[in-house]
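In: everything below, folded, please.
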Amino acid sequence: MRAYWQLTLAQLRIFLRNRQVLFWTLVFPIFLMMMLGSFLGNGNGLSLTIGFIDEDQSALSEKFKQALEGQEVIHLQVEKDKDEAIKELKEGNLQLVVIIPEGYHAKLQEASTEEPISIPVFYNDTNIAISQMGLQIVNAIIDGISKERVNYLPTVVMESEGIEALNLKYIDFLVPGIVAMMIMSNNMNGVAGQIAAWRERGILRRMQGTTLKASTFIAAQITARLVLNGSQALIVLLVAQLIFGVEVSGSWLTLLTFIVMGTLAFMAIGFIIAGIAKTPESAAPIAGFLSFPMLFLGGVFFPIRDMPEFLQPIVQVLPIAHLTTALRETMNVGASFISLNTEFIILGGWLIGAFFVASRVFKWE
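Out: Predicted structure coming up:
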């Protein structure tokens, strides 16, 4: 037991003394979270940028403008020149350009059903899905004006009732992904590189020559990395709460359980890489080859459901996909541990299977 605690403390001292390790395992994830959170963190839905040109400058054209500004998904950009606005549209900076023609107010006062007023609307034909949404919003406003002018009385009306839903922003989606990325990088990449380096320098061979048991060595590694990952996860969550107001809606016990499961699963994969790699120089590329695709396929930065359908079978077996899902569901939705049993079982399967393989390929020399 004494050797176990000494090895655990020694491993923690190694982490604290290595500033590069501290930077890449803690400071860099926080920096990445703050950068992405600052630029994208407040986005919680689709945004349409519409250029608005008011050639009439009347009270009714101002009312039309206010109706557009009242739409939550619309960012209205007032333009002065039609040609400049069309240029912005072609460059993709605008999705629509709405022009209120001169004489709009006067024509509207005299308008009849036989002579409708034409309002030019230009849209981006290369992004038809976004453009169609914008056209529907503009058309709804125009339709409302038309019905108001002719005193239209509908025979069928819609009774709408708003349902309060989760008001999640991108930063709420991002933070659990950053924690999962940190766990993967610290353990899979970190363990592979460190064990391979110790083997090359003969440290593992000297340990094998003592009375130290392999189980004691591995247990100390696991404990030190659990302490490291738990501390780092808490620091990241604290920073996210202080700066962006991100809250943990679910149980902290469930959250910590999946942090432990993720740590153990990726540690086991790291031991496999360390056993396969002959040198530290070869361990890093192998770990990078495995971890880099998982950053994009595992739901760290983008929702898993948005992945192409042909990739879904691959995504559904990746350990980081289930780790990000479990952390995100716990933090954002407040999901219970029982509802995340699939994620727990799959991570547990990776843990058991990877440690079994690691025990076969791990070498002291």
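
In: please point out which parts of the helix or strand hosting residue 36 sit buried.
Out: Residue 36 belongs to helix 28-40 when assigned by DSSP states H and E. For helix 28-40, a neighbour-count test (16 or more other CB atoms under 10 Å) marks 29, 30, 33, 34, 36, 37 as buried. Glycine gets a C-beta too; all of them are placed from N, C-alpha and C.

In: okay, the first one: pLDDT?
Out: Here, the pLDDT recorded for residue 29 equals 80.

In: that one reaches residue 180, doesn't it?
Out: No. With contacts counted by CB atoms under 8 Å, residue 29 stays clear of residue 180, the gap being 10.2 Å.

In: gap between the helix holding residue 36 and the chain center?
Out: Computed by CA atoms, centre = their mean, to the nearest Å, the chain-centroid distance of helix 28-40 equals 11 Å.

In: model confidence over the helix or strand that that helix is followed by, on average?
Out: Once helix 28-40 ends, the next helix or strand along the chain (criterion: DSSP H and E) is strand 48-54. Taken as a whole, strand 48-54 has an average pLDDT of 87.

In: contacting residues around strand 48-54?
Out: Identification of contacts with strand 48-54 by CB atoms under 8 Å, 6 or more residues apart in numbering yields 61-62, 65, 68, 73-82, 85, 88-89, 93-100, 130, 133-134, 137-138.

In: which ChimeraX command selects the buried ones in the residues you listed?
Out: Here is the ChimeraX command that selects the buried residues among the contacts of strand 48-54 (16+ other CB under 10 Å):
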select :61,65,68,74,76,79,85,88,89,94,95,96,97,98,99,100,130,133,134,137,138
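
In: and the helix or strand where residue 193 lies, what does it pack onto?
Out: Using DSSP H and E, residue 193 sits within helix 190-200. Using 3 or more CB pairs under 8 Å, 6 or more residues apart in numbering; DSSP states H and E, the elements in contact with helix 190-200 are helix 203-208, helix 214-244, helix 252-276, helix 280-297.

In: how far does it sit from the chain's center?
Out: Offset of helix 190-200 from its chain centre (CA atoms, centre = their mean): 30 Å.

In: pLDDT below threshold where in the stretch 151-300 of the chain?
Out: Judged by pLDDT under 70, the stretch 151-300 of the chain has its weakly predicted residues at 151-168, 207-215.

In: which one of the helices and strands packed on helix 190-200 lies nearest to residue 108?
Out: Proximity to residue 108 (CB to CB) singles out helix 214-244 among those, at 45.9 Å.

In: just the buried residues of that closest one, please?
Out: Buried residues in helix 214-244, counting neighbours by 16+ other CB under 10 Å, are found at 216-218, 220-226, 228-229, 232-233, 236-237, 239-240, 244.

In: still on that earlier bit, as JSON lines, the helices and strands packed on helix 190-200 with distance to residue 2 would be great.
Out: Converted to JSON lines, these look like this (distance: least, CB to CB, whole Å):
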{"stretch": "helix 203-208", "distance to residue 2": "15"}
{"stretch": "helix 214-244", "distance to residue 2": "10"}
{"stretch": "helix 252-276", "distance to residue 2": "23"}
{"stretch": "helix 280-297", "distance to residue 2": "30"}
